[in-house]
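Q: Based on what follows, work out the 3D shape:
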Amino acid sequence: MQTINIHEAKTHLSRLVEDAARGNSFIIAKAGKPMVKVVPLADEAASSSHKTGFMAGEITVPDDFDRISSSAIIELFEGKP
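A: You can find the predicted model right below:
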C-alpha cells in the first residue's frame, strides 16, 4: 500500500481521491508517521450495511395494521371519542 506525505496529499488530493475510489487505498503520513488510511467508501458501506428483507418470514404484520387503535388515534388528534 502506498504511503504519501501530507504535503503531497494536499497537492494531489483530487487525483488521490479518484484513485482511492477505484480501489487503490493509501496511507497519509505526517513526518514519516502514518496518520490515516484512505479507502473506498463503497467497500466499508457494503460490508456494514444491512440488507433489506433480512428477516423475511421471521415476522408477520396483521392485515389491519394500518387500522389498529384508529379510534384512539382519532380521539388524540380530534379530541372526539
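Q: what stretches of this structure score poorly on pLDDT?
A: 42-50, 80-81 (pLDDT under 70).
Q: the strands in it, which residues?
A: Secondary structure of the chain (DSSP state E): strands located at 2-5, 26-30, 33-38.
Q: Show me what the first one is packed against.
A: Packing contacts for strand 2-5, counted by 3 or more Cβ pairs under 8 Å, 6 or more residues apart in numbering; DSSP states H and E, involve strand 26-30. For the C-beta atoms, the positions are set from N, CA and C on the backbone; glycine is no exception.
Q: could you redo the last one with a cut-off of 10 Å?
A: helix 6-11, helix 13-21, strand 26-30, strand 33-38 (3 or more Cβ pairs under 10 Å, 6 or more residues apart in numbering; DSSP states H and E).
Q: Name every strand pairing with that strand and say which way it goes.
A: Strand 2-5 has the following sheet partners, assigned by DSSP bridges: strand 26-30 (parallel).
Q: Direction-wise, compare the partner strand with strand 33-38 and give the angle.
A: 150 degrees (axes from the mean of the first three to the mean of the last three Cα atoms, to 10 degrees).
Q: Tell me which residues of strand 26-30 come out buried.
A: Within strand 26-30, the residues that count as buried by 16 or more other Cβ atoms under 10 Å are Phe26, Ile28, Ala29.
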